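S.K.: Sequence and predicted structure below; questions after.
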Protein chains: 2
Amino acid sequence: MNAEIITIGDELLLGQVIDTNSAWIGQELNKIGLHVHFKSTISDTREAILQALTDAKKRSNVIVITGGLGPTKDDITKITLTEFFNTRLVLNQKVLDWVISIFTSRKLPMLESNNLQAMIPENCEVLWNKNGTAPGMWFFENDIAYISMPGVPFEMKTIFEEEAVPKLKSKFTFPEIIHRTIQTCGIGESFLAKQIAPLEDALPGYIRLAYLPAVGSVRLRFSAYGADQQKMNADLNGIVQHLYDLVGEFIFGEDEDSMQKVIGVLLKEKQLSLATAESCTGGYLAHLITSIPGSSAYYKGSIISYANEIKINELSVEPEILKTEGAVSETCVLQMAANLRNKFNTDFAIATSGIAGPEGGTASKPVGTVWIAVSSSQKTFARKFNMGDNRERTIERTGLTALDLLRRHILECY
Amino acid sequence: MNAEIITIGDELLLGQVIDTNSAWIGQELNKIGLHVHFKSTISDTREAILQALTDAKKRSNVIVITGGLGPTKDDITKITLTEFFNTRLVLNQKVLDWVISIFTSRKLPMLESNNLQAMIPENCEVLWNKNGTAPGMWFFENDIAYISMPGVPFEMKTIFEEEAVPKLKSKFTFPEIIHRTIQTCGIGESFLAKQIAPLEDALPGYIRLAYLPAVGSVRLRFSAYGADQQKMNADLNGIVQHLYDLVGEFIFGEDEDSMQKVIGVLLKEKQLSLATAESCTGGYLAHLITSIPGSSAYYKGSIISYANEIKINELSVEPEILKTEGAVSETCVLQMAANLRNKFNTDFAIATSGIAGPEGGTASKPVGTVWIAVSSSQKTFARKFNMGDNRERTIERTGLTALDLLRRHILECY
């Protein structure tokens, strides 16, 4: 069983709009055990649509089509589908009543183009669009399912979840796919691959491993394909256990976890509070933490001391230290973290200071040099890193690494 | 002349990663006058890659491939390209030296998999990857250009801009396209469209207008296609002048400007300094400002007062105000901004307080309610907004809107 996704629209080809629909559909199909093996994006012309459908039916059992932003563009998809299936458009009274009711309730005049939305290919079943006027459509021919939906994300999502998925489940029997994703931080992709080589080499043939690197972290995704759900889960559990044995110290979470979410869960669970004193991260660390809903329960705030006078006046860093060792030094971040923890009266404080670049590097402190300190009632400690020569990535890596240092400290001492 | 984009990776088909690369490449190809007529996403298997290349060469003059070139996945794309072109891998000493130098400078040991990155198909030219170890590759066969790049966005982008585009321009003749982009903030897409309707209706046939909405802003891109560069530039200048007449107050910049960059240029030029007091933006505003290299010249820092006690202790907000009017109130943000400006001794201070959600909304202050204040020696003022019901977008919109308020105030009073 294979699925493919066709997204229609010049705005997608031009890159004016990022195609998030197909990623979402890919996830949803995967959840029900349907493997997406191909995605394409095409122009909204009759020729391109006919070609894509002709190619798709040779290789896929389920074909999901989205595209068109308004009634005018929807027509090209619908009319071309009508031609492709060699059928004709007929009026669907239920859809027409619905379209009229929407326009009436919004006190808008009906246009001729809106009437046309109730004209439906004779061989299709309507997939009800309770959020808009353009109906979804289900075609079934030669054991292939064709699902056509408007491109507006929230309309598409509801049609897909409530109308298309139940139909798919009633028509086909799906193989099981189970995914487990493990999140790591603090180890590069190739080192990770080397450390877990014994595990990777011993993977059973029906389980695949993918490395998904991002800035400062690598996700490992295991996908098991088969019929015996119990065995698959047992095998995956064994593999994940083995993974923890091999590289457990680098694992911060699983599946949809993010570092900031994991930190939030830990702090909430243990009823501990946090503050940050940022120099080189310039607010990014605070932003990461506060991107989590409910973070006000454990996060009190930050002093961003971009200027040295703020480090002195607000964080009581000794002026002498700034002169002799500089702002990017162990002593400076230790003082920032310890003094902020006292000032804000929190259980933890994190401090960052570094040279994000592109200017400001020296021979002894090149661009990318970063000091991070963590302070708690147990201890105050600092570590030095080189985060590379790109400003944006240095800021992102430092934010993630700082939270990881805190995470490890909490697990170790609390 | 037609281009197509092939992105490789199961993580894209599964929807675990949203494909932003192909949107970016689509934009860049369009800038040089190359039309993308097809995009596909395929699995990282030999069969899928061979099939995609075989199909692509029948319909496209330029084929851009990304993904599957990391140290662990490396082999599949590169080896399959080697097979497709019926060639062999040879050692590229320059690439090997580069890979070694990266590992040496980072004080990391070389692994065998890293060595393999210097093995290159014999018929290709290397597209230098100055940000990573996996080189880009350029193939040219039967008047078709094939560009293969790693999928890591920042590596891909630099390779494409600095290596691939110059090569494309030297091999092919493109029609002249001149783009002018105007950045607006504070006005929605449909209102903008209504206000500039007279201009849009009068556009000459060879100039096209695209609306590119983002969170909190809309870019207007004018693209002129033709041969007479002088006339195109003159016409574009006239159109842009007309645009300023119609909606000038909403225009904050042109082309690659960002709001934070514009603010930085203004403050530097006038030698004025800035600090921020953030509640609901939680560091995002500071992060925006400090994402600009050299921002330490005008930005002193921030107090992020996520907890009310920080508002009271560090920003001298009257406890009585927090009790009677609440933290999300005009008086609170006015006090935050004015008091911080005194404390940090800056020319300007911006303060934000709002309900980012999803929790915390009430009937009188629903989720999305945000107060923003700006304080200067001229005046201290505040404005109220409703930023909608999505936490992430509320934070982003508030950051951008706060900077826009400051920008307008500087232009008006300084």
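M.R.: Yes, it's here.
S.K.: Check which helices and strands the strand or helix carrying residue A:51 sits against.
M.R.: Here residue A:51 sits within helix A:46-59, counting by DSSP states H and E. Judged by 3 or more Cβ pairs under 8 Å, 6 or more residues apart in numbering or on different chains; DSSP states H and E, helix A:46-59 is in contact with strand A:2-8, strand A:35-42, strand A:62-67, helix A:71-84. Placement of C-beta: from N, CA and C, glycine included.
S.K.: Swap in 10 Å and give it another go.
M.R.: Packing partners of helix A:46-59 (3 or more Cβ pairs under 10 Å, 6 or more residues apart in numbering or on different chains; DSSP states H and E): strand A:2-8, strand A:35-42, strand A:62-67, helix A:71-84, strand A:144-149, strand B:35-42, helix B:46-59.
S.K.: any idea what the nearest residue to residue A:183 once chain neighbours are set aside is structurally, helix, strand or coil?
M.R.: Sequence neighbours aside, residue A:253 is the residue nearest to residue A:183 in space, at 4.4 Å (criterion: Cβ to Cβ, 6 or more residues apart in numbering or on different chains). For residue A:253, the assignment made with DSSP: H, G, I helix; E, B strand; the rest coil gives strand.
S.K.: Please verify my assumption that residue A:253 contacts residue A:264.
M.R.: No - taking contacts as Cβ atoms under 10 Å, residue A:253 lies outside contact range of residue A:264: 11.3 Å.
S.K.: Would you confirm that residue A:412 contacts residue A:378?
M.R.: Yes - assessed by Cβ under 10 Å, residue A:412 is found in contact with residue A:378 at 8.7 Å.
S.K.: Please identify the buried residues of the worst-scoring helix or strand of chain A on mean pLDDT?
M.R.: Every helix and strand in chain A was compared by mean pLDDT, DSSP states H and E; the lowest is helix A:112-116, with a mean of 77. In terms of neighbour count (16 or more other Cβ atoms under 10 Å in any protein chain shown), helix A:112-116 has its buried residues at A:114, A:116.
S.K.: Could you export that helix as CSV, CA atoms only?
M.R.: Taking C-alpha atoms only, helix A:112-116 is exported to CSV below (Å, rounded to 0.1, in the frame of the first residue of the first chain):
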residue,chain,number,x,y,z
GLU,A,112,-22.0,33.1,-9.8
SER,A,113,-18.6,31.5,-8.9
ASN,A,114,-20.0,30.4,-5.5
ASN,A,115,-23.0,28.7,-7.1
LEU,A,116,-20.5,26.7,-9.2
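S.K.: picking that back up, tell me which of residue A:412 and residue A:378 has more neighbours.
M.R.: Neighbour count, other Cβ atoms under 10 Å in any protein chain shown: between residue A:412 and residue A:378, residue A:378 has more, with 14 against 9.
S.K.: Is the more buried one part of a helix or strand, or is it coil?
M.R.: coil.
S.K.: ok, it - contacts?
M.R.: Taking Cβ atoms under 10 Å, 6 or more residues apart in numbering or on different chains, we find residue A:378 in contact with A:347, A:348, A:409, A:410, A:412, A:413, A:414.
S.K.: how does it look with 7 Å?
M.R.: Residues near residue A:378 by Cβ atoms under 7 Å, 6 or more residues apart in numbering or on different chains: residue A:413.
S.K.: now residue A:333
M.R.: The contact partners of residue A:333, taken as Cβ under 7 Å, 6+ apart, are A:351, A:352, A:353, A:371, A:372, A:373, A:382.
S.K.: can you confirm the fourth one is in a strand?
M.R.: Meaning residue A:371. Yes - counting by three-state DSSP, residue A:371 falls inside a strand.
S.K.: Pull up the per-residue confidence for it.
M.R.: With respect to pLDDT, residue A:371 scores 98.
S.K.: can you map out the helices along the stretch 151-300 of chain A?
M.R.: Listed in chain order, the helices of the stretch 151-300 of chain A (DSSP state H, counting those that start in this stretch) span A:153-159, A:165-171, A:189-195, A:197-201, A:229-247, A:259-270, A:284-290.
S.K.: coming back round to it: I'd like the helices and strands packed on helix A:46-59 written out as JSON lines, with distance to residue B:186 added.
M.R.: Converted to JSON lines, the helices and strands packed on helix A:46-59 look like this (distance: least, Cβ to Cβ, whole Å):
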{"stretch": "strand A:2-8", "distance to residue B:186": "31"}
{"stretch": "strand A:35-42", "distance to residue B:186": "32"}
{"stretch": "strand A:62-67", "distance to residue B:186": "31"}
{"stretch": "helix A:71-84", "distance to residue B:186": "29"}
{"stretch": "strand A:144-149", "distance to residue B:186": "33"}
{"stretch": "strand B:35-42", "distance to residue B:186": "32"}
{"stretch": "helix B:46-59", "distance to residue B:186": "43"}
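S.K.: Check those for me and report the most buried one.
M.R.: When the helices and strands packed on helix A:46-59 are scored by mean count of other Cβ atoms under 10 Å in any protein chain shown, the highest mean neighbour count falls to strand A:62-67 (a mean of 26).
S.K.: hmm, who's touching it?
M.R.: A:3-9, A:21, A:25, A:34, A:44, A:56-57, A:77, A:144-149, A:151, A:156, A:168.
S.K.: can we see that at 8 Å?
M.R.: Here strand A:62-67 makes contact (Cβ atoms under 8 Å, 6 or more residues apart in numbering or on different chains) with A:1-9, A:12, A:21-22, A:25, A:29, A:34, A:44, A:53, A:56-57, A:73, A:77, A:144-151, A:156, A:160, A:164, A:168, A:172.
S.K.: Pull up the pairing partners for that strand, direction included.
M.R.: Sheet neighbours of strand A:62-67, with direction, are listed as strand A:2-8 (parallel), strand A:144-149 (parallel) (DSSP bridges).
S.K.: a markdown table for those strands, including distance to residue A:305 and mean pLDDT?
M.R.: Formatted as a markdown table, the strands paired with strand A:62-67 follow (distance: least, Cβ to Cβ, whole Å; pLDDT from 0 to 100):
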| stretch | distance to residue A:305 | mean pLDDT |
| --- | --- | --- |
| strand A:2-8 | 47 | 96 |
| strand A:144-149 | 51 | 97 |
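S.K.: Now distance to residue A:193 too, for the ones you listed, in TSV please.
M.R.: Shown next, in TSV, are the strands paired with strand A:62-67 (distance: least, Cβ to Cβ, whole Å):
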stretch	distance to residue A:193
strand A:2-8	29
strand A:144-149	38
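S.K.: Lovely, talk soon.
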